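J.: quick one, fold the following:
(one chain, ligands or ions: 4)
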Amino acid sequence: MNPNGSESTSVQRICPLCEANCGLTLTIEHSQVTSVRGDSDDVFSHGFICPKGVALGELHVDPTRLRNPLVRNASGNLVPATWDEAFGVVRTRLGAIMRDAGPEAVGMFLGNPNIHSLAGTFMLPAFIKALGTTQRFSASTVDQMPKQAASAMMYGTALSVAIPDIDRTDYFLVIGANPMVSNGSMMTAADFPGRLRALRKRGGRVIVIDPIRTRTAEFADEHLTIRPGSDALWLAALAHVLLIESSPTLGAAAEWIDPEQVHSVTESLAAFTPESVAAVTGIEATTTRRIAQELSQAQSAAVYGRMGTTTSGLSVNGQIVPFATVGSWLIDVVNIAIGSLDKPGGVMFPLAVAGGPSTEGTSGTGHGVSIPGRRRTRVRKLPSVLGEFPVSTLAEEIDTPDPETGEHIRAVFVVGGNPIVSTPDSGRLTKAFKSLDLFVSVDPFLTATNSLADVILPVASPLTRPHHDIAFNNLAVRDQARYSPAIFEIPDGEKDEAEVLLTLASIAVGITTGNEPTAEAMDDFVAYAVAAQAAKDSASRCHGQTAESILAAVAPRRGVDRLLDIRIRSGPYGDGCGTYSGGLTLQHLIDAPHGIDLGALKPRLPEMLRTPSGRIEFGPEVLVTALSEASVHLSQIPQTDPGSFLLIGRRQLRSNNSWMKDIPTLQGGSNLPTAMMHPDDVAAISVSDGSLLRVSSEVGSIDIPVLASDSVMQGCICIPHGWSDFNVNTLVSTSSIDPLGGTAVLSGIPVSVRAAGT
Ligand SMILES: Nc1nc2c(c(=O)[nH]1)N[C@H]1C(S)=C(S)[C@@H](COP(=O)(O)OP(=O)(O)OC[C@H]3O[C@@H](n4cnc5c(=O)[nH]c(N)nc54)[C@H](O)[C@@H]3O)O[C@H]1N2
Ligand SMILES: Nc1nc2c(c(=O)[nH]1)N[C@H]1C(S)=C(S)[C@@H](COP(=O)(O)OP(=O)(O)OC[C@H]3O[C@@H](n4cnc5c(=O)[nH]c(N)nc54)[C@H](O)[C@@H]3O)O[C@H]1N2
Ligand code: SF4
Ligand SMILES: [Mo]
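T.: Ligands and ions are numbered 1, 2, ... in the order given. Presented below is the predicted three-dimensional model:
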């Protein structure tokens, strides 16, 4: 029945709010969402839901969600405008800038929600292509990029990430992640708490390495604290024990690894004995050896690292040394050393229903990636990484024109992002954004970032669009296929994100060619390109057909549904547009609202490899070199000055990065911006619990209430990100960037602390 009608009905919906991808059941009465529950029949999440999922109905009706565009007027105020007016401003000013300075004067910042939407997945690339700019920045370089860079070097693509097979593992080593709160990242595992409980129930063990005794650490069998930023050194010691002190077989990976590379990795590990890393990491050598032994003796074991490994740096002698890509690589080195790669219960490669980079091209070989990337930022000459630039360089690329040519970024589009709150040195970025000739935001809310914009283009509620997680099925702990159709029609005056992005793409095409297509024509162009790719790709189930025949097979679908149908039908389980009997189409997913289970992860070596060698690059040269160089830090035991603390981030259960703060269900409880410190540290700086602290770094300071908690390691201060009034990124400098992963150091930064107002 039509949920826009008046009767009560239940509909299924995959939650688009985090990587867990839970299946939810929404009750709709009189066109209103009256309840949101976990869908107990969902093949992947089996009824799990978190407070954010519950808030999905409130998000839909949230009065603060923007329903119409805003444009800055002559007096400098953001005022409501029609879509034609808003797009008109973009067309005129973007046109002038591009004609004057070319596409490189236009920068893009893509935030986290894009990867959770089909429009972001399909239409955003069309817009970027139409602009023709390479000035692309995203939340990835304040997040997971080092893991993607390391995985891409080893296996060939940015989405070839080995995922813990958590449902079958017996030993789960978690480094710098708090999945009991975050619900998991770079590892799509709806109901993380349930999966961890099941792991322990079947006799498995969970070990957590984290400077904070997080909820995950509390749940675990063992929690070890570690000096922030030193994980790579500790992982090197684990690898040292496993590769040098024992003779590992490397399991299924062995056949696909060049022995020469094992040799070079082993050599680079020589200095990293458990004894040599003990002082800098704070983990005793006997503990490191015991964990190495437990890992290698477990029936199955998986090592997993997240934010704490990709965004932390080691503070030594007044400098911050990032090891994020090296550390991310060493996690895979350890997994391979214990024979866990591609093994049930170890770390495995998902096979997604709509495909992904590891299902395209020639099976078992590919172009691989070039890291460091070939392009350089204009100001600091820092390398690109997997097609984008480090976001820590965005402000300088705007505010530092080339002394000779005057070149710089003059226009910025922020799509689904809030970089003033989410990226380093908010102070400088604010000034840079204010100096732009054109600043456009595509975002359904007014934020700290787009309150500086010239034009805000809001997108309609997520419940008005279809949903499927293309990227996250490439990272999921179980193969499954789920799809949610739009629940509500788009109210008059609002626009779907796909249409907004297609219109922007059309405007960009119009500027470059003088002939602006309609958004509908743009949709056809995108569909033709996706169909042509499916026809051309030798791994596609539609290989050898024509784009026209593929488009005919998916007719009369349009928009993201048409593109998704092409991807499913040409994908690894697809019907090949009629040539594989029993294969899947989008219609099969539509007909299965609780999803289609495609089974536990299966071994995918060597078919999934896309390296030019057709092998696993166990020891990429740049990483081996970086590791060898890291040995100098073994003799430099970091000291922190009195009054100086190392900054650590945290996520809060009722938070979603910087947004959803005004949703009533998510307010209160532990969801408060506080600086957590060990009670002895609080006493030592003579402030009382709950009072206001001034936290300062080399780039800025914030005042924030202190909360004494013995869950925080002494010497650290733990502040959540995402609060615009207590913006932790005011403290973070743009100077510390992981050289290979381009990612900012957000954790492990020294800050000084004193009572505010003193
Ligand atoms: N409720 C909620 N859930 C979320 C989000 C949210 O905002 N709120 N955000 C989502 C997003 S975008 C992401 S990327 C994921 C992130 O998912 P996670 O990475 O699981 O989440 P974090 O809380 O950032 O966990 C990082 C952990 O690393 C620790 N840490 C910091 N520095 C170091 C270090 O140097 N070494 C070690 N070993 N540990 C360190 C921190 O104490 C923290 O416990 O969460 C997602 N889920
Ligand atoms: N210090 C510090 N900084 C961090 C982190 C940290 O741990 N510590 N974590 C980092 C991580 S992991 C991440 S992922 C980033 C996140 O960084 P960002 O992606 O920049 O920030 P978000 O808070 O996720 O903001 C998303 C924006 O998208 C909007 N939005 C929501 N839904 C949609 C939609 O459907 N379409 C569009 N167009 N917009 C939408 C929201 O209103 C919001 O303004 O922050 C990073 N920054
Ligand atoms: S865990 Fe993530 S996907 Fe699941 S309900 Fe919560 S926000 Fe949604
Ligand atoms: Mo993230």
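
J.: residues of this structure that sit close to ligand 2?
T.: Residues of the chain lying close to ligand 2 by Cβ under 6 Å from any ligand atom are 111-113, 117, 139, 142-143, 307, 415-419, 422, 442-445, 447, 459, 462, 497, 649, 657-659, 721-722, 728-729, 732, 746. C-beta: built from backbone N, CA, C; applies to glycine.

J.: neighbours of His43, just the number please.
T.: For residue 43 the amino acid is Val, not His. 18 (other Cβ atoms under 10 Å).

J.: mind listing what the closest residue to Leu692 other than its chain neighbours touches?
T.: Sequence neighbours aside, Ala756 is the residue nearest to Leu692 in space, at 3.9 Å (criterion: Cβ to Cβ, 6 or more residues apart in numbering). Shown in contact with Ala756 (Cβ atoms under 8 Å, 6 or more residues apart in numbering): 691-694, 703.

J.: just the residues of the chain next to ligand 2: which are in helices?
T.: Using DSSP state H, the subset of the residues of the chain next to ligand 2 located in helices is 307, 419, 422, 497.

J.: quick check, nearest of those residues to ligand 1?
T.: Nearest to ligand 1 out of these is Met307 (Cβ to the nearest ligand atom; 3.3 Å).

J.: correct me if wrong: that closest one contacts Ser185.
T.: Yes. Using Cβ atoms under 8 Å, Met307 makes contact with Ser185 at a distance of 7.2 Å.

J.: ligand 3 versus the one residue in the chain that gets nearest to ligand 1, what's the distance?
T.: In the chain, the residue that lies nearest ligand 1 is Gly308 (2.4 Å; Cβ to the nearest ligand atom). For Gly308, the distance to ligand 3 (Cβ to the nearest ligand atom, to the nearest Å) stands at 20 Å.

J.: out of everything not next to it in sequence, what's closest to that residue?
T.: Gly176 (1.7 Å).

J.: what about that neighbour, neighbour count?
T.: Applying other Cβ under 10 Å, we find 26 residues neighbouring Gly176.

J.: residues contacting it?
T.: Contact analysis of Gly176 by Cβ under 8 Å, 6+ apart lists 209-210, 231, 305-310, 312.

J.: retrieve the pLDDT associated with Asn473.
T.: What the model reports as pLDDT for Asn473 is 98.

J.: if we can go back for a sec, among the contacts of Gly176, name the ones in strands.
T.: Among the contacts of Gly176, DSSP state E puts 209, 305 in strands.

J.: any chance of the contacts of Gly176 in a markdown table, plus pLDDT?
T.: Converted to a markdown table, the contacts of Gly176 look like this (pLDDT from 0 to 100):
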| residue | pLDDT |
| --- | --- |
| Ile209 | 98 |
| Asp210 | 98 |
| Asp231 | 98 |
| Gly305 | 98 |
| Arg306 | 98 |
| Met307 | 98 |
| Gly308 | 98 |
| Thr309 | 98 |
| Thr310 | 98 |
| Ser312 | 97 |
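
J.: quick one, strands of the stretch 301-450 of the chain?
T.: Secondary structure of the stretch 301-450 of the chain (DSSP state E, counting those that start in this stretch): strands located at 302-305, 313-316, 319-322, 347-348, 411-415, 438-442.

J.: the stretch 1-150 of the chain now?
T.: Under DSSP E, counting those that start in this stretch, the stretch 1-150 of the chain gives strands at 9-14, 23-29, 32-38, 70-72, 78-80, 106-110, 136-138.

J.: quick one: check the last one for contact with ligand 1.
T.: In other words, strand 136-138. No. On the criterion Cβ under 6 Å from any ligand atom, strand 136-138 is out of touch with ligand 1, staying 12.0 Å away.

J.: so which residues make contact with that strand?
T.: By Cβ under 8 Å, 6+ apart, the list of residues contacting strand 136-138 reads 107-111, 128, 387-391, 393-394, 417, 419.

J.: what's the PyMOL syntax to select whichever of the residues you listed are buried?
T.: Of the contacts of strand 136-138, the buried ones go into a single PyMOL selection, burial set by 16 or more other Cβ atoms under 10 Å:
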select buried, resi 107+108+109+110+111+128+388+389+390+391+393+394+417+419
